[in-house]
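Student: Need the 3D shape of this:
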Amino acid sequence: MSSESVEPGHGHSPAAWTAVIIMLIAFAIGAVAFFYDAPVIVWASAGLAVVGLIVGWIMKRAGYGVGGDKYTPKGH
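Tutor: Below you'll find the model as predicted:
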């Protein structure tokens, strides 16, 4: 077995981190809004979660995803 393993990436890229951070913020806002019974803000946070997904996809297409030309893998 080789001593050097090839990791597929598992989202360790600027595109993935940006998408996850936006979606985490959206879910946090949505949870607080749900607690305070503010349905408009809950739906707005659901929209923000979709925006996070779209931003991650756009950044991946722009080369910031795993394997992209603007992505440099970091050593562990």
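Student: ok, residue 43 - contacts?
Tutor: By Cβ atoms under 8 Å, 6 or more residues apart in numbering, the contact list for residue 43 is empty. C-betas here are computed from N, CA, C, even on glycine.
Student: can you do 10 Å?
Tutor: Counting by Cβ atoms under 10 Å, 6 or more residues apart in numbering, residue 43 makes contact with 30, 33.
Student: So what does it have for phi and psi?
Tutor: When read as degrees, to the nearest 10, the backbone of residue 43 gives phi -70, psi -40.
Student: going forward can the numbers begin at 323, since that is how I track them
Tutor: That works, and once the first residue is 323, the last one we named lands at residue 365.
Student: where do the strands sit along this structure?
Tutor: Using DSSP state E, the chain contains no strands.
Student: So which residues of it form helices?
Tutor: For the chain, applying DSSP state H gives helices covering 336-357, 361-381.
Student: closest to residue 388 out of the ones you listed?
Tutor: helix 336-357 (7.4 Å; Cβ to Cβ).
Student: Let's see that closest one as CSV, backbone CA atoms only.
Tutor: Extracted C-alpha coordinates of helix 336-357, given in CSV (Å, rounded to 0.1, in the frame of the first residue of the first chain):
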residue,chain,number,x,y,z
PRO,A,336,-13.1,28.2,-0.7
ALA,A,337,-16.3,27.4,-2.6
ALA,A,338,-17.4,24.8,-0.1
TRP,A,339,-16.5,26.8,3.0
THR,A,340,-18.3,29.9,1.6
ALA,A,341,-21.4,27.9,0.8
VAL,A,342,-21.4,26.2,4.2
ILE,A,343,-20.9,29.4,6.2
ILE,A,344,-23.8,31.2,4.3
MET,A,345,-26.1,28.2,4.9
LEU,A,346,-25.1,27.9,8.6
ILE,A,347,-26.0,31.5,9.1
ALA,A,348,-29.3,31.0,7.2
PHE,A,349,-30.2,28.0,9.4
ALA,A,350,-29.3,29.8,12.6
ILE,A,351,-31.4,32.8,11.6
GLY,A,352,-34.2,30.5,10.6
ALA,A,353,-34.1,28.6,13.9
VAL,A,354,-34.3,31.8,15.9
ALA,A,355,-37.1,33.1,13.7
PHE,A,356,-39.0,29.9,14.1
PHE,A,357,-38.7,30.1,17.8
